[in-house]
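Asks: Below: sequence and its predicted model.
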Amino acid sequence: MANEVLDRKEKLTPTEDPLVEAGQVSETPQKRIFIGLLAVTCIILGGLAYLLWWVPNVGLRNIHPYLPALLAGILGLVVFAVVAGSLLLILTILAGRDLFLSKKLRGAVVKVLFPLLVVMGKVFGLSREKISHSFVAINNQLVLAQDLHVSPARLLLLMPHCLQNHDCKVKITGNVENCEGCGKCPIKELLEVSRKYDVELAVATGGTIARRIVVQKRPRLIVAVACERDLTSGIQDTYPLPVYGIFNCRPYGPCFNTGLPLAEVEGAIRHFLDTSES
Ligand code: SF4
């Protein structure tokens with residue numbers, strides 16, 4: 001586990017790449033993308049700054065007599081859409097059921113609002129973890145509002161590898177059924193729950209494997225357990241597929257012998273299962 005954490009840190013930290021140093025791969029393409037994006041951003045910002053200076057200087061009416069009315073109309077529509085969308089989102093969350101377009105609202109929350117709120121949160125000194133926690137809660141509410149019910153075959157239980165006891169030598173990624181049921185970690189109970197409801201249980205070691213599992217199993221709904229960071233990225237990556245997120249427990253810190261609220265997982269399965277669907 002310590003190695004896993006170190007590996008992750010190493011990936012996140014810009015270190016010297018030994019392959020680049022050895023001349024086996026070129027670092028130019030990665031740098032070129034970054035520099036290219038930076039240059040384009042600078043050009044766009046420069047253009048916008050020029051427009052912000054030029055338009056008030058010249059005056060909208062002098063550019064075209066209809067421009068002030070057109071701009072007022074566009075800005076009015078944008079403000080109306082934002083206010084109406086926000087009100088609808090708040091009402092849907094409060095009502096806990098689909099009032100209107102809850103699926104589309106979840107899309108707006110996942111794709112637009114969350115990244116925006118992370119930036120706003122930084123301005124107000126809120127940690128990303130806190131915002132992620134709130135994001136998952138809102139996402140869950142919107143998933144519940146869609147009133148989805150699926151057959152056991154289309155419901156996937158997606159679990160993080162850190163649930164497995166660190167000393168366990170059994171390989172459960174790929175096939176959870178390899179678990180020998182010793183009871184030293186929650187995998188035993190999760191397997192019992194998955195058999196009880198006849199739903200698929202999968203364990204992923206990271207985001208890439210999780211995405212592969214989702215592509216292979218083709219579920220219609222996922223009940224996922226993970227930390228704030230992984231749940232947030234998982235919900236964003238798999239959108240529009242509905243993901244109901246449950247936070248893991250971390251009595252020994254992140255990524256090590258973690259636990260989960262099993263009753264909550266079982267409650268979610270019961271809620272979403274529709275035994276009448278074939
Ligand atoms: S319950 Fe299964 S996965 Fe967990 S430690 Fe025992 S054998 Fe390993």
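Replies: Okay, I see it.

Asks: domain parsing for the chain?
Replies: As assigned by automatic domain parsing, the chain contains the domains 72-141, 149-272.

Asks: can you tell me which residues contact residue 183?
Replies: residue 189 (Cβ atoms under 8 Å, 6 or more residues apart in numbering). Bear in mind the C-beta positions are built from the backbone N, C-alpha and C, glycine included.

Asks: how would you label it: helix, strand or coil?
Replies: What DSSP: H, G, I helix; E, B strand; the rest coil gives for residue 183 is coil.

Asks: picking that back up, to the ligand, which of the domains of the chain lies closest?
Replies: Taking Cβ to the nearest ligand atom, domain 149-272 is the member of the domains of the chain nearest to the ligand, at 3.2 Å.

Asks: Could I get the pLDDT score of residue 59?
Replies: pLDDT for residue 59: 84.

Asks: Could you say which helix or strand holds residue 223?
Replies: Using DSSP states H and E, residue 223 sits within strand 221-226.

Asks: A strand includes residue 253, no?
Replies: No. Assessed with three-state DSSP, residue 253 is coil; it does not lie in a strand.

Asks: ok, it - how many residues close by?
Replies: By the measure other Cβ atoms under 10 Å, the count of residues near residue 253 is 10.

Asks: same deal with residue 85?
Replies: 17.

Asks: quick one, strands of the chain?
Replies: Using DSSP state E, the strands of the chain run over residues 155-160, 200-204, 221-226, 243-247.

Asks: burial count for residue 144?
Replies: Residues lying near residue 144 (other Cβ under 10 Å) number 20.

Asks: Buried deepest among the domains of the chain, which one?
Replies: domain 149-272 (a mean of 17; mean count of other Cβ atoms under 10 Å).

Asks: tell me how far the ends of that one are from each other?
Replies: End-to-end span of domain 149-272 (Cα to Cα, to the nearest Å): 5 Å.

Asks: mind checking how far it is from the chain centre?
Replies: 15 Å (Cα atoms, centre = their mean, to the nearest Å).

Asks: What mean pLDDT does that domain get?
Replies: Per-residue scores along domain 149-272 average to 95.

Asks: now check that domain, is it near the ligand?
Replies: Yes. For domain 149-272, a contact with the ligand is found by Cβ under 6 Å from any ligand atom, at 164-165, 168, 170, 172, 179-185, 187-188.

Asks: Any chance you could list what contacts stretch 52-70?
Replies: Residues outside stretch 52-70 that contact it (Cβ under 8 Å, 6+ apart) are residue 71.

Asks: May I see the buried residues of that stretch?
Replies: By neighbour count on 16 or more other Cβ atoms under 10 Å, the buried set for stretch 52-70 is residue 60.

Asks: Look up how far residue 169 lies from the nearest residue to residue 103 once chain neighbours are set aside.
Replies: Nearest non-adjacent residue to residue 103, counting by Cβ to Cβ, 6 or more residues apart in numbering: residue 146, 6.0 Å away. Residue 146 is 41 Å from residue 169, where distance means Cβ to Cβ, to the nearest Å.

Asks: I'd like the distance from stretch 262-273 to the chain centre, please.
Replies: In terms of Cα atoms, centre = their mean, the centre of stretch 262-273 is set 20 Å apart from its chain centre.

Asks: which residues are contacting that stretch?
Replies: For stretch 262-273, the external contacting residues (Cβ under 8 Å, 6+ apart) are 144, 148-152, 155, 157, 186, 189-190, 193, 197, 199, 221, 223, 225, 244, 246.

Asks: at 6 Å what do you get?
Replies: With contacts defined as Cβ atoms under 6 Å, 6 or more residues apart in numbering, stretch 262-273 is touched by 155, 189, 193, 197, 221, 223, 244, 246.
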